[in-house]
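[1] How does the following fold in three dimensions:
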Amino acid sequence: MKGSGFKSIEDMVNNIKLWELAKDNSKIVAGILYKDKHNIRKVVAIFTDGTKEGKEKFKNMIKDDFERTSIEVSHDLLKYIQRNFPSLVKKYAIPSDKVSDILGKDIKIIDKYRYERDINGTKIIKMMLGTQKEFS
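    Numbers count the residues shown, from 1 in each chain. All right, here's what the predicted structure looks like:
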């Protein structure tokens, strides 16, 4: 387990209240766990079972997120979204100069849409995607 704010996997499971799960028949094949702060879903963990169905359901879950909220993404999930949804990234990318006010945190702007945040002493490049209606 990699991340901050959790002592163990059990601690994460017990403290993350927002889960989105996808099933194929009765089997869970994909999921996303989020923190929800100020109407921003922050992805904490993602998974699929590796099957074609699991990967497709995961892709649809991510795609649906753009319409209903804003999500902060980094690392492999950011690369995945940029590769699989280039037109949606253009449509839903939130300018990095708005992110500090939205999050209430200091950021270092890298370019129009990417920024760097220090999380527990580690600098991480992120992007915020989604709607801004919650912040208007």
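[2] Spit out the contact partners of R83.
    For R83, the contact set (CB atoms under 8 Å, 6 or more residues apart in numbering) is empty. No exception for glycine: its C-beta is placed from N, CA and C like everyone else's.
[3] Can you pull the poorly scored residue ranges out of the chain?
    Scanning the chain for pLDDT under 70 picks out the ranges 1-5, 38-39, 132-136.
[4] okay, which residue is most central for it?
    By CA atoms, centre = their mean, the chain has its centre lying nearest to V43, at 3.6 Å.
[5] Quick check on that one: phi, psi?
    Torsion angles at V43 (phi, psi; degrees, to the nearest 10) stand at phi -70, psi 130.
[6] Also K79?
    Dihedral pair for K79: phi -60, psi -40, per degrees, to the nearest 10.
[7] any idea how far K17 is from it?
    Relative to K17, K79 is positioned 27 Å away (CB to CB, to the nearest Å).
[8] Same check on E10?
    E10 sits 15 Å away from K17, taking CB to CB as the criterion.
[9] One more: P86?
    For P86 relative to K17 (CB to CB), the value is 32 Å.
[10] Select the longest strand from this structure.
    Ranked by residue count and defined by DSSP state E, the top strand of the chain is strand 27-37.
[11] What strands line up against that one, and which way round?
    Strand 27-37 has its sheet partners listed here by DSSP bridges as strand 18-24 (antiparallel), strand 40-48 (antiparallel).
[12] what helices or strands is the helix or strand that the longest one is followed by leaning on?
    Later in the chain than strand 40-48, the nearest helix or strand by DSSP states H and E is helix 52-68. For helix 52-68, the helices and strands in contact under the criterion 3 or more CB pairs under 8 Å, 6 or more residues apart in numbering; DSSP states H and E are strand 18-24, strand 27-37, strand 40-48, helix 75-84, helix 86-92, strand 122-130.
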